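Enquirer: sequence below, structure please.
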Amino acid sequence: MSAKRAVEEPSLFAEAEAAARQMVQPLAARMRPRNLAEFVGQKHFLAEGKLLRRLIAADRLGSVIFYGPPGTGKTTLAQLLAGETKCRFQQVNAVAAGVKELRELLDGARDRLSAGGQRTLLFVDEIHRFNKAQQDVLLPDVEDGSIVLVGATTQNPFFALNSALVSRSRIFEFKPLSRDDIKALLRRAAADESRGLGRYDVRLHDDAVDFLAEVCDGDGRRALSALEVGVLSCTERPCEFTKSLAEESIQKKAIEYDRSGDGHYDAASALIKSIRGSDPDAAIYWLARMLEAGEEVRFLARRIVIAASEDIGNADPQALPIAVAAMQACEFVGLPECQLPLAQAVTYLACAPKSNAATLAIGAARADVVEGRLLPVPVHLRDRHYGGAQRLGHGEGYEYAHDAEGGVAAQDYLGVDKTYYHPVPCGFEAELGRRLEAIRAKLREAKDLGAAGPTQASENS
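Expert: Numbers count the residues shown, from 1 in each chain. Here you go, the predicted structure:
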């Protein structure tokens, strides 16, 4: 066998093996864009003139964190960046890689840089699964530029990653693909004969494309997987990819929700803000979303009880008892039935009149205390139920409110002229506001007429 033939045969085998691997790859993998021009989505940082594009053009790409939901192109873009920057691409998954493997990769990257000047782009998928020790191993090479670190995560990096690593990296948040982006991916895959499904003569129905673009929630991988399942299971040629075929080919989306991450806090925030905004439809959706994701029922009940006082308060005094009753019902019946009292409480609170007057009142009063406005208890309000209290003048001049006309005595209860509680003209609190106006007018008499005199007189006696 000639030397030339000995060199060619491995090359032929390699091409055959590569072709075989490509055949078994899912459609989403086969249709990965080959350059930035083919990349779909993320124009907010990748369009001409945007930050990432400028970093590439200036050859100043440092370590970056790609943060966003699945199927939005994080892995694909990492591979493209390696090609654009002429870096050696190496990939590890944080679930499987240990410190030993990391050190070997980093040693190899340094050797490669020293020997030939080529940098290594190290792509770490699910980087949030690295523990602190593993993340710390990356820091020296990130700092001196030995590697270009591209970390991909579905979790908020400010929660999931070490602050030292975050501070040394640029963060790019990936958004779900738009419906137009999804449609473009589907049509490209259906027409491409070399990598896609073009050889199957696919006829995409517009309503089928619209349906997948809607239900895939910006996940391009999920849309392409549904297209592939539908086409390959279609026995007729040409394949009529109808809406009914699309519906049968789509899988229920797994709910991305980490009870210790920002998904948990974002959903809880959306629930409370929907209640506060008086939108029962949005509030019940976010409640359902959290229940389906396995959120702890006690957490939901606590948040609902807090909202009843924080955002509704005295505008509807029934809101708090209803929320507390829902919380108690959850303890009594458990899931799945406790979703019913939770739903009742959430919809009631959303429809109730709103007031944060009590919330603002306690906040303002506590701020005064924290800032050092420590008022002495007026002498006429001090306890006199112990020996010697009368000798100190404690309680002298106190007027028993039940003996006064209307149950309100004209006396000073604070010692300074300060108003914390401001009822809003909404719901029952509007009635409280009218009553309070008359009450405060009478209490003011204590100051206007010198009714605080007993306090001063007692102190001087």
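Enquirer: can you show me the strands along the stretch 301-450 of the chain?
Expert: Taking DSSP state E, counting those that start in this stretch, the stretch 301-450 of the chain contains no strands at all.
Enquirer: look up how far V305 lies from G145.
Expert: Using C-beta to C-beta, to the nearest Å, G145 is found at 52 Å from V305. For the C-beta atoms, the positions are set from N, CA and C on the backbone; glycine is no exception.
Enquirer: those two: who's more crowded?
Expert: When neighbours are counted by other C-beta atoms under 10 Å, G145 and V305 differ, and V305 comes out ahead with 20 against 11.
Enquirer: which residue, other than its chain neighbours, is closest to that one?
Expert: Distances taken as C-beta to C-beta, 6 or more residues apart in numbering place A323 nearest to V305, at 4.5 Å, with adjacent residues excluded.
Enquirer: quick one, what contacts the one you found?
Expert: Going by C-beta atoms under 8 Å, 6 or more residues apart in numbering, A323 touches A301, I304, V305, A307, A308, A345, L349.
Enquirer: hang on, the third one packs against C330?
Expert: Just to be clear, that refers to V305. No. Look at V305 against C330 with C-beta atoms under 8 Å: they stay out of range, at 10.7 Å.
Enquirer: now do the buried residues in stretch 289-301.
Expert: Residues R289, M290, L291, A293, E295, V297, L300, A301 are the ones in stretch 289-301 that count as buried (16 or more other C-beta atoms under 10 Å).
Enquirer: do the same with stretch 273-288
Expert: Within stretch 273-288, the residues that qualify as buried are S274, I275, R276, P280, A282, A283, I284, W286, L287, counting by 16+ other C-beta under 10 Å.
Enquirer: for stretch 181-199, same thing?
Expert: D181, I182, K183, A184, L185, L186, R188, A189, A190, R195, G196, L197.
Enquirer: report pLDDT for Q344.
Expert: You'll see Q344 listed with a pLDDT of 96.
Enquirer: OK, contacts around it?
Expert: I322, A326.
Enquirer: distance check, it against N162.
Expert: Going from Q344 to N162 by C-beta to C-beta gives 43 Å.
Enquirer: next one: A267
Expert: Distance of A267 to N162, computed by C-beta to C-beta: 25 Å.
Enquirer: was I right about V202 contacting C239?
Expert: Yes. Using C-beta under 8 Å, V202 is in contact with C239, at 4.9 Å.
Enquirer: okay, and the common contacts of the two?
Expert: Taking C-beta under 8 Å, 6+ apart as the contact rule, V202 and C239 both touch V231.
Enquirer: so where's this protein shaky on pLDDT?
Expert: Residue ranges of the chain with pLDDT under 70: 1-23, 251-262, 387, 447-461.
Enquirer: domains of it?
Expert: Listed by automatic domain parsing, the domain ranges of the chain are 41-173, 179-249, 262-351, 380-460.
Enquirer: L122 belongs to a helix?
Expert: No. Counting by DSSP: H, G, I helix; E, B strand; the rest coil, L122 falls outside a helix, being strand.
Enquirer: tally of neighbours for the closest residue to it other than its chain neighbours?
Expert: Counting by C-beta to C-beta, 6+ apart, I147 is the residue found nearest to L122 once chain neighbours are left out, at 4.9 Å. Around I147 there are 26 other residues, counting by other C-beta under 10 Å.
Enquirer: got the phi and psi for I147?
Expert: Main-chain dihedrals, I147, degrees, to the nearest 10: phi -130, psi 160.
Enquirer: list the beta-bridge partners for it.
Expert: Assessed by DSSP bridges, I147 has beta-bridge partners T120.
Enquirer: now do the same contact list for it.
Expert: Under the criterion of C-beta under 8 Å, 6+ apart, the neighbours of I147 are S63, L106, A109, R119, T120, L121, L122, L138, D141.
Enquirer: go with 10 Å
Expert: Residues near I147 by C-beta atoms under 10 Å, 6 or more residues apart in numbering: 62-63, 87-88, 90, 105-106, 108-110, 112-113, 119-122, 138, 140-141.
Enquirer: could you do Y398 as well?
Expert: Y398 neighbours (C-beta under 10 Å, 6+ apart): P378, V379, H380, L381, R382, R384, A409, Q411, P454, T455.
Enquirer: need phi/psi at the nearest residue to Q390 once chain neighbours are set aside.
Expert: Using C-beta to C-beta, 6+ apart and skipping the chain neighbours, the partner closest in space to Q390 is R384 (6.2 Å). With angles defined as degrees, to the nearest 10, R384 sits at phi -120, psi 20.
Enquirer: swap in F241?
Expert: Phi and psi for F241, reported as degrees, to the nearest 10, are phi -90, psi 90.
Enquirer: would you check that it makes contact with S249?
Expert: Yes. Contact criterion C-beta atoms under 10 Å: F241 and S249 qualify, at 8.8 Å.
Enquirer: shared neighbours, these two?
Expert: Contacts common to F241 and S249, judged by C-beta under 10 Å, 6+ apart, are A208, L212, A226, L227, G230, V231, C234.
Enquirer: quick one: contacts of the helix or strand hosting the second one?
Expert: Taking DSSP states H and E as the definition, one finds L212 inside helix 206-215. By C-beta under 10 Å, 6+ apart, the residues outside helix 206-215 that reach it are 177-187, 190, 204-205, 222-224, 226-227, 230, 240-247, 249-250, 252-253.
Enquirer: dump the residue contacts of G277.
Expert: For G277, the contacting residues are A283, D311, A350, K354, by C-beta under 10 Å, 6+ apart.
Enquirer: from the residues you listed, pick the one nearest Q155.
Expert: Nearest to Q155 among those, counting by C-beta to C-beta, is A283 at 25.4 Å.
Enquirer: quick check, that closest one in a helix?
Expert: Yes. According to three-state DSSP, A283 belongs to a helix.
Enquirer: residues in contact with it?
Expert: Counted by C-beta under 10 Å, 6+ apart, A283 has contacts 270-277, 304, 307, 343, 346-347, 349-351.
Enquirer: helices of the stretch 51-200 of the chain, residue ranges please.
Expert: Using DSSP state H, counting those that start in this stretch, the helices of the stretch 51-200 of the chain run over 51-57, 74-84, 99-116, 132-144, 157-160, 163-167, 179-191.
Enquirer: need those helices in TSV with distance to D403, can you?
Expert: Shown next, in TSV, are these (distance: least, C-beta to C-beta, whole Å):
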stretch	distance to D403
helix 51-57	73
helix 74-84	74
helix 99-116	78
helix 132-144	67
helix 157-160	59
helix 163-167	62
helix 179-191	72
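Enquirer: nearest to R444, of these?
Expert: Nearest to R444, of all the helices of the stretch 51-200 of the chain, is helix 157-160, at 50.2 Å by C-beta to C-beta.
Enquirer: distance of A307 relative to G277?
Expert: Between A307 and G277 the computed distance is 11 Å (C-beta to C-beta).
Enquirer: more neighbours: which of F241 and S249?
Expert: Taking other C-beta under 10 Å, F241 and S249 do not tie; F241 has more neighbours (25 against 20).
Enquirer: sorry, back to before: buried residues in the helix holding L212?
Expert: Buried residues in helix 206-215, counted by 16+ other C-beta under 10 Å: A208, V209, F211, L212, A213, V215.
Enquirer: from these, pick the one nearest F130.
Expert: Nearest to F130 among the buried residues of helix 206-215 is V215, at 33.1 Å by C-beta to C-beta.
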